[in-house]
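>>> sequence plus the predicted model coming up.
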Amino acid sequence: MNRPQLREAGDSALLLQLAPVIDPAVNAQAIAIADAIRHRDLLGVRDVVSTFRSVAVYFDPLKADVDEISRALRVAVSAAPISNIGRRHEIPVAYGAEHGPDLDEVATRAGLSSAEVIARHAGVDYRVFMLGFQPGFAYMGLVDPSIASPRRESPRVRVPAGAVGIAGRQTGIYPSSTPGGWQIIGRALEPVFDAGKTPAARFAPGDMVTFKPASAGSPPLLNEIVAPTVPKGMHRVTVLCPGLFTTIQDLGIWGQQGLGVPVSGAMDTFSHAVANLSVGNPRHAASLEATITGPELRFEQQTTIALSGADMAATLDGVAVPMQRPVICAAGSILRFGARRRGARTYIAMAGGLMREHRYTVRPIAEAEEIAVGPSVTTTVRGDPARVLPMPSGGARLRVLPGPQRDELPEGCLESVCGNRFTVSPQSNRVGYRLTGPLVPSRSGDMISDATFQGAIQIPPSGEPILLMADRQTAGGYPQVAIVITADLPIAAQLAPGDWIEFEVCSRDEARRALAEREGMLTGAA
């Protein structure tokens, strides 16, 4: 068996890699190591996630002792793995026809009848190795080798909720509608993720799942995402025009990546914090994140606001609104935005913070929606126009640390990433930026899905890099050659499609100093 390898994953995570196989014993060891680290209650640790064959530890770079975490991981490796057999689940599945459009293709490839494929798929107890890709998505295995199937050459734009798929010797259920490249052979008749329950995910690593052929019934019930009702007595803001993509964001939620739930939160955490501090809120309070084009808002009661981040020529009843300063909006006044001058995302904080709905999806605000504002607290904190992160003007150079899978890529890959200029493509969003430009040395074939990290630069077989951002999937199958340092993620967040981007390698010490400097800009003026 391969010797475990401990890799840095940027300046805010470590990745312990065990043997590169999909094997129940290796997975049991990964789960046991993750449990051991969680029980250590190490300072600064934000999240611990087990995957097929690795353990990712995410931490606060300014609070955690990286050497202490490394020692704890090495000690945990030597601990005897527990069996990790969790709960058992039986899931009814409608196979074939409109529920399983790829069943016949899988059968043809295997030289079997469709009924034989169903019998071999449903006649096995599957282990839940990990959760990732999307909230509640369980990677299960091992599928009978005779029906193992490659991913589709071209992923579907939409795979419906409940779809049961095969990819290699893995199988799984899509908890919600999403693009996907697995071979779809059926549809589960019971939901596997419910945001209204605790835990929200039906499965956990180590659970066992059996599929049972059943007649088609109703599709799995999903929690409909609707705007929350403004509680009586709270201030209201009416959305007259939502802008291009305006969402309510805080600093995200840690501790649920093991369920496939990304941390998410504000893309530019620095500007988000500045806006909040300018109105006396704690930095984690929810604000509005406006992307490229700002919204039009009417304040139904007097409200104090502050703007930070991208300059989108904001006006209040026709009067220009300064950045990084508290501004009192009278009842009935209207906030509008004009042409974007620099940067891509503006943060609109309101004294008292905004009310958030459930944490598992990012939903843009809608026309005529009412947003609830919490009660404000009297404060002496004032905006500081000097407390600002310079916005990119046409592009930016970002500092990176080598990624945990750089050795799995061809020689010269990291040098190619750091020696060329790329462009942020229009196919970019809060999940990730697709970068166009010179092709980067890559490789063909699948990598065992592993933990992902915000700021990671993935290199798919096409050689076109992908920069993972706040809403990234928590696991992925492309090698991560480098990771943008935490201090530079807010700069990356302010890049727009068409902007250029360059990368340069720095040291861990430089990354820590840069982050400490950013933190000083916030705390020094608070």
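Everything's here; your move.

>>> ok now do the closest residue to Ser462 other than its chain neighbours, which residues does it touch?
Residue nearest to Ser462 in three dimensions, not counting chain neighbours: Ser442, with 7.1 Å by C-beta to C-beta, 6 or more residues apart in numbering. (C-beta placed from N, C-alpha, C; glycine too.) Contacts for Ser442 (C-beta atoms under 8 Å, 6 or more residues apart in numbering) come out as Leu409, Pro410, Cys413, Ile459, Pro460, Pro461, Ser462, Gly463.

>>> thought the first one was touching Val481?
Spelled out, it's Leu409. Yes. Leu409 lies in contact with Val481 (C-beta atoms under 8 Å); the separation is 5.6 Å.

>>> who touches both of those two?
Common neighbours of Leu409 and Val481 (C-beta under 8 Å, 6+ apart) are Ile459.

>>> neighbour count for the two, which is higher?
The residue with more neighbours, out of Leu409 and Val481, is Val481; 29 against 22, by other C-beta atoms under 10 Å.

>>> all helices for this structure, in order.
Ranges of helices within the chain are 24-40, 66-77, 103-110, 114-122, 269-278, 413-418, 489-493, 508-523, based on DSSP state H.

>>> what about the shortest one, distance to the chain center?
Okay, so that is helix 489-493. 15 Å (C-alpha atoms, centre = their mean, to the nearest Å).

>>> also the third one?
Per C-alpha atoms, centre = their mean, the displacement of helix 103-110 from the mean C-alpha position of its chain is 34 Å.

>>> check the fourth one too.
Mean C-alpha position of helix 114-122 versus that of the full chain (C-alpha atoms, centre = their mean) differs by 35 Å.

>>> show me what counts as buried in it.
Residues of helix 114-122 classed as buried by neighbour count (16 or more other C-beta atoms under 10 Å): Ser114, Val117, Ile118, Ala119, Arg120, His121, Ala122.

>>> stretch 420-434 now?
By 16+ other C-beta under 10 Å, the buried positions in stretch 420-434 come out as Asn420, Phe422, Thr423, Val424, Ser428, Arg430, Val431, Gly432, Tyr433, Arg434.

>>> could you do stretch 309-319 as well?
Gly309, Ala310, Asp311, Met312, Ala314, Leu316.

>>> and stretch 300-310, by the same measure?
Glu300, Thr303, Thr304, Ile305, Ala306, Leu307, Ser308, Gly309, Ala310.

>>> re the thing from before, okay, the buried residues of stretch 420-434 in CSV with pLDDT next?
Listed next are those as CSV, based on pLDDT from 0 to 100:
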residue, pLDDT
Asn420, 97
Phe422, 98
Thr423, 98
Val424, 97
Ser428, 93
Arg430, 94
Val431, 92
Gly432, 93
Tyr433, 96
Arg434, 94
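
>>> just the ones of those in strands?
Those of those mapping onto strands are Phe422, Thr423, Val424, Gly432, Tyr433, Arg434, per DSSP state E.

>>> most neighbours among the contacts of Ser442, which one?
The residue in the contacts of Ser442 with the most neighbours, by other C-beta under 10 Å, is Ile459 (29 neighbours).

>>> avg pLDDT for stretch 435-446?
Averaged across stretch 435-446, the pLDDT comes to 87.

>>> if we can go back for a sec, in JSON lines: the buried residues of stretch 309-319, plus distance to Ser278 and pLDDT.
Shown next, in JSON lines, are these (distance: C-beta to C-beta, whole Å; pLDDT from 0 to 100):
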{"residue": "Gly309", "distance to Ser278": "12", "pLDDT": "96"}
{"residue": "Ala310", "distance to Ser278": "15", "pLDDT": "96"}
{"residue": "Asp311", "distance to Ser278": "15", "pLDDT": "95"}
{"residue": "Met312", "distance to Ser278": "16", "pLDDT": "96"}
{"residue": "Ala314", "distance to Ser278": "14", "pLDDT": "97"}
{"residue": "Leu316", "distance to Ser278": "15", "pLDDT": "98"}
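
>>> now the residues you listed in a markdown table, with distance to Pro390?
A markdown table is the format used below for the buried residues of stretch 309-319 (distance: C-beta to C-beta, whole Å):
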| residue | distance to Pro390 |
| --- | --- |
| Gly309 | 11 |
| Ala310 | 12 |
| Asp311 | 11 |
| Met312 | 16 |
| Ala314 | 19 |
| Leu316 | 25 |
